[in-house]
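Engineer: A structural model of the following input is requested.
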Amino acid sequence: MKRQNISTGAKWEDIVGYSRAVRIGNIVEVSGTVAVQEGKTVGIGNAYLQSKHILVTIKDSLEKAGAKLDDVIRTRMFVTDITRWEEVAKAHGEVFGKIKPATSMVEVSALIDPEYMVEIEATAIIND
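Structural biologist: So this is what the prediction gives:
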């Protein structure tokens, strides 16, 4: 099967050696995504705004891979402060409320940058 790597040009992609998303066959995996635009953190101190930005980045990556949000079967949300889960859940629900993928939300002690409050990944299966 053909492999398609999708990049957003983030500095971490070459340093760590990963792709924003990878498509093989009809499966698309989107890497853990944080709220960054042009090298700057979006929504500092606001878990809702960070989540909204992340979900737009995930949507764009899916589309580059030939998928859409309706194809998402699983998301994983990593948060640095679980007491703010409702902010993250609100953003997730606005995007996936009717799609209802399987999901997890897990508190982690830290993400790669202290400004990042949320990291989200997704799995999609394209139904051709």
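
Engineer: and the helices in this protein?
Structural biologist: Using DSSP state H, the helices of the chain run over 11-12, 47-64, 85-96.

Engineer: so the longest one versus helix 85-96, what angle?
Structural biologist: Taking axes from the mean of the first three to the mean of the last three C-alpha atoms, to 10 degrees, one finds helix 47-64 and helix 85-96 inclined to each other by 30 degrees.

Engineer: what's in contact with helix 47-64?
Structural biologist: 6, 8, 20-21, 28, 30, 33-35, 37, 41-43, 68-69, 71-72, 77, 79, 81, 84, 87-88, 90-92, 94-95, 116-120, 122, 124 (C-beta atoms under 8 Å, 6 or more residues apart in numbering). All C-beta atoms are positioned from the backbone trio N, CA, C, and that covers glycine.

Engineer: buried among these? Need that as a selection in PyMOL.
Structural biologist: Provided next is the PyMOL selection string for whichever of the contacts of helix 47-64 are buried by 16 or more other C-beta atoms under 10 Å:
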select buried, resi 6+8+20+21+28+30+33+34+35+41+42+43+69+71+72+77+79+84+87+88+91+92+95+116+117+118+119+120+122+124
